[in-house]
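# just a sequence and a predicted model for now, questions to come.
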Amino acid sequence: MSSEQITNLFSDSIRAAIPDGSLKVSEWAERYRILPPQRADRSGPWSNAVTPHLREPMDTVTNPDVEEIDFMASAQIAKTEFLVNVAGYKIHIDPGPILYVAETEDKAQAWSKECFTPTVRVTPELRALVSEGRSRDSENTIFYKTFPGGHIAIVAATSPASLSSRPVRDLLLDECDAYKPTAEGDPVELAEKRTTTFFANRKIIKVTSPRDRETSTIEPAYLSSDRRKYFVPCPHCLEPQVLAWTEGRCCCPKQDPAERCHLKHGFVKWDHGDPRTAYYICKNGCEILPHLKPRMLAAGEWRAERELRRRAGFWINELYSPFVTWPEMAEKFLEKKDDPESLKVFTNTSLAETWDPVTGQINIKDLTDRQESYQEETIPDEILILVVGIDIQRDRIELEIKGYGAGFESWGIKYLVLWGSPAMPEVWDELSKVLTTHFKTTAGRELRIAGAAIDSGDGVHTKDVYKFCRAHGLGIYKIGEKKFRGALTFAIKGANTPGKPLVSKPTKQGRPPIWLYTIGTGAAKDSIAGRLEIKFKEGIPKPGACHFSKTYPEAYFQHLRSEKPVTRIWHGKAVRFWEPLKEGIRNEGLDCFVYAEAALQIYLQKFRVNLRQLQEKAEAERKRIDEERQKANEPPAEPAPPAMVFDPTLEPDDEDEFMIKVRQKRGGRRFIPRTSGNFVTGRDDD
């Protein structure tokens, strides 16, 4: 080999070893990024053709005139892959200190183990720079990885210490609208302060689906940016447009919801009530079938509404997703539209719109006019499950028996006050009689109370509540000399903490230990307030609607009107609280409603069921009853809407048989929450 050939060989090797700094992020991804098998159906080299809408947001990262990128997007838009591409580009081409922030530690760990690390492992250029870190003394861990010229720290927004330590140049904020305030302030502000040292060349990237309008971080950030939207051409008339969901309703983020949009939108439509036929009507009236969507996405372009001033903003919804079809969105919408909480999730994660929660106090003028004539002796046949919410006071126990049907439609069956100090056994004996009551529906189905949530947070009778729940956690009651099946009991404690879910993981309390469930009262009251606004006609099913028996006292409805939502600054972040209208106002009825909601969710989670799984079983039960009546020459029951009964197959007549079946069902473990949803599993403490 000649000296010239040797020189050329060394030169080529040196050029190959030096990363091409002129590459944009989208170009880097298409040249180097490999998708691991566990991340997508299409494993292998990254292709920008699959997600053309990500090309410009990725390339904006290398624009020196952009300091902050605000990406307000729905689910199924490949937001996570966008962040992985940015991190990979920075490690390989433009190394420096990087901070990735997730909502919780579990989600931070999941991003590291399921998204980032598998990508590093299968992408040769990244694998050569970031070691696996298997040894104990390795600098690379699940939450911290080094590479030549920098590092990436993967932290949770719940840890102020992690958010306020070493300086970083590149900040990746994942699902920042879901961050909860910390003791030291707003996690977003804490993280942004860490970029001050790199003010001249820092990159702050916020990627999230929006949440509540009042407390959203991403919507005001997007509105302060250059406000880019993705315009796609109609395949028939070629008119560029922003895709929207509902006819005559703008979906674009706005300062004021009442603000008029300057754009003309189309909408999604389906025929004959069948969401599987869904297609898109363009703004000029053309009918666009779902299979044409990829062609539209490939020809789309981002258009800014304002001049770029250091902040680039991108907004896009699930209608553009290459992974979700319009018929799938239509089916999901029909499933969620009648329940305010489910509709909120659809609005946030599918439409990429902020949610306007109930803005006033619970103040439905016709609440008392809604009282209906059904009686506890024959409850509506639409009811699928009965639960009880129980509020403990110093001189009494107040409780509400509530029935729930399909779509979380609810019926207030009875509101009771059991007078007497909860320190006395007699009042608990009275409660036992209530919880073992059996009810019959108008079609003749028999229902017993499935679950009861009992407030233990008054600080005076906590031990009494624990004792009662410990004795009746399996729903066995001894009244006199006889034993009865009744409601499973759950000890709960309310928490007026912003962002707290309706039911959190239970914790062990007391000796012997008992499971205590923390209830997010704010989430429950938001849901109740929204559902109280649903209007309906008596006798016509309406998912989410709230019905009340004529036996309810007027004071109960006053309790429902006792609180209102307010927005306050808490640890540097705007949050939403429910507060009493005035000091000392009574709210026991509202609390009982909240606890009944909690009892329902705990029970459904415990048995891994939902309000639609057993509809066929309910129909079979109704058919069996009608057949028996026909045999006895009785007229058949009036046909009722499809419903379901909750019957967890544990139906023995005596305690011994019941306990045997419980032991068989759980494999020797205690009858406690399982490892799905919000619950954990434990074993016998004996």
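Arrived safely, thanks for sending.
# check the protein for its longest helix and report it.
helix 588-607 (DSSP state H).
# so which bits of stretch 301-312 are buried?
Buried positions in stretch 301-312, judged by neighbour count with 16 or more other C-beta atoms under 10 Å: 302, 311-312. (Glycine included, C-beta is placed from N, CA and C.)
# and the helix or strand just after the longest helix of the chain, how far from the chain's centre?
Later in the chain than helix 588-607, the nearest helix or strand by DSSP states H and E is helix 615-631. Computed by C-alpha atoms, centre = their mean, to the nearest Å, the chain-centroid distance of helix 615-631 equals 37 Å.
# Met80 should be in a helix, yeah?
Small correction: residue 80 is Thr, not Met. Yes - when DSSP: H, G, I helix; E, B strand; the rest coil is applied, Thr80 is found to be in a helix.
# stretch 46-62 - what's its average pLDDT?
Mean pLDDT, computed over stretch 46-62, is 96.
# next, the buried residues of that stretch.
Buried, per 16+ other C-beta under 10 Å, within stretch 46-62: 46, 50-58, 60-62.
# likewise for stretch 334-351?
Buried residues in stretch 334-351 (16+ other C-beta under 10 Å): 335-336, 338-344, 346-351.
# so for it, mean pLDDT?
pLDDT averaged over stretch 334-351 gives 85.
# out of the buried residues of stretch 334-351, which comes closest to Phe557?
Nearest to Phe557, judged by C-beta to C-beta, of these is Pro340 at 19.6 Å.
# not counting sequence-adjacent ones, nearest residue to that closest one?
Gly530 (3.2 Å; C-beta to C-beta, 6 or more residues apart in numbering).
# the one you found and Ile479, how far apart?
Distance, Gly530 to Ile479, using C-beta to C-beta, to the nearest Å: 39 Å.
# now do Glu132, the pLDDT please.
Here the pLDDT value assigned to Glu132 is 68.
# so which strand or helix has Glu189?
helix 187-193.
# so which elements touch that helix?
strand 97-102, helix 160-163, strand 170-174 (3 or more C-beta pairs under 8 Å, 6 or more residues apart in numbering; DSSP states H and E).
# and the angle from whatever helix or strand comes next after it to strand 170-174?
Once the chain leaves helix 187-193, the next helix or strand it forms, by DSSP H and E, is strand 203-208. Per axes from the mean of the first three to the mean of the last three C-alpha atoms, to 10 degrees, the angle that strand 203-208 makes with strand 170-174 is 10 degrees.
# which of Gly530 and Ile479 has more residues huddled nearby?
For Gly530 and Ile479, the more surrounded residue by other C-beta atoms under 10 Å is Gly530, and the numbers stand at 19 against 12.
# just checking, what packs against whichever strand or helix holds the more buried one?
Per DSSP H and E, Gly530 falls inside helix 521-532. For helix 521-532, the packing partners by 3+ C-beta pairs under 8 Å, 6+ apart come out as helix 340-349, strand 546-549, strand 563-570, strand 573-580, helix 588-607.
# cutoff 7 Å now
The contact analysis (3 or more C-beta pairs under 7 Å, 6 or more residues apart in numbering; DSSP states H and E) places helix 521-532 against helix 340-349, strand 573-580, helix 588-607.
# distance from that helix to the middle of the chain?
Taking mean C-alpha positions (C-alpha atoms, centre = their mean), helix 521-532 and its chain are 15 Å apart.
# then stretch 551-566?
27 Å.
# next, the buried residues of that stretch.
Neighbour counts over stretch 551-566 (16+ other C-beta under 10 Å) mark 552, 556-565 as buried.
# wait, Thr518 touches Ser504, no?
Yes - assessed by C-beta atoms under 7 Å, Thr518 is found in contact with Ser504 at 4.3 Å.
# out of those two, which sits in the busier spot?
Counted by other C-beta under 10 Å, Thr518 and Ser504 do not tie: Thr518 has more neighbours, with 20 against 17.
# quickly list what the more buried one is bridged to.
Under the criterion DSSP bridges, Thr518 forms beta bridges with Lys493.
# returning to that earlier point: and the longest helix of the chain, what other elements does it pack with?
Packing contacts for helix 588-607, counted by 3+ C-beta pairs under 7 Å, 6+ apart, involve strand 385-392, strand 396-404, strand 446-455, strand 488-495, strand 514-520, helix 521-532, helix 554-560.
# which positions within it qualify as buried?
Buried-residue list, helix 588-607, by 16+ other C-beta under 10 Å: 588-607.
# swap in stretch 443-450?
For stretch 443-450, by 16+ other C-beta under 10 Å, it's 443-445, 447-450.
# got it, and stretch 173-186?
Within stretch 173-186, judged by 16+ other C-beta under 10 Å, the buried ones are 173-182, 185-186.
# what sits up against the helix holding Glu189?
99, 101, 157, 160, 163-164, 171, 173, 176, 179, 184, 204, 217, 572 (C-beta atoms under 7 Å, 6 or more residues apart in numbering).
# could the residues you listed be laid out in CSV, adding pLDDT and distance to His92?
Listed next are the contacts of helix 187-193 as CSV, based on pLDDT from 0 to 100; distance: C-beta to C-beta, whole Å:
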residue, pLDDT, distance to His92
Leu99, 96, 18
Val101, 96, 22
Ala157, 92, 27
Pro160, 87, 31
Leu163, 86, 26
Ser164, 78, 28
Leu171, 96, 19
Leu173, 97, 22
Cys176, 94, 25
Tyr179, 91, 29
Glu184, 85, 34
Ile204, 97, 21
Thr217, 92, 30
Gly572, 69, 36
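# tabulate the residues you listed (JSON lines), appending distance to Arg485.
Putting those into JSON lines (distance: C-beta to C-beta, whole Å) gives the following:
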{"residue": "Leu99", "distance to Arg485": "55"}
{"residue": "Val101", "distance to Arg485": "49"}
{"residue": "Ala157", "distance to Arg485": "45"}
{"residue": "Pro160", "distance to Arg485": "49"}
{"residue": "Leu163", "distance to Arg485": "51"}
{"residue": "Ser164", "distance to Arg485": "55"}
{"residue": "Leu171", "distance to Arg485": "57"}
{"residue": "Leu173", "distance to Arg485": "51"}
{"residue": "Cys176", "distance to Arg485": "48"}
{"residue": "Tyr179", "distance to Arg485": "45"}
{"residue": "Glu184", "distance to Arg485": "51"}
{"residue": "Ile204", "distance to Arg485": "59"}
{"residue": "Thr217", "distance to Arg485": "49"}
{"residue": "Gly572", "distance to Arg485": "51"}
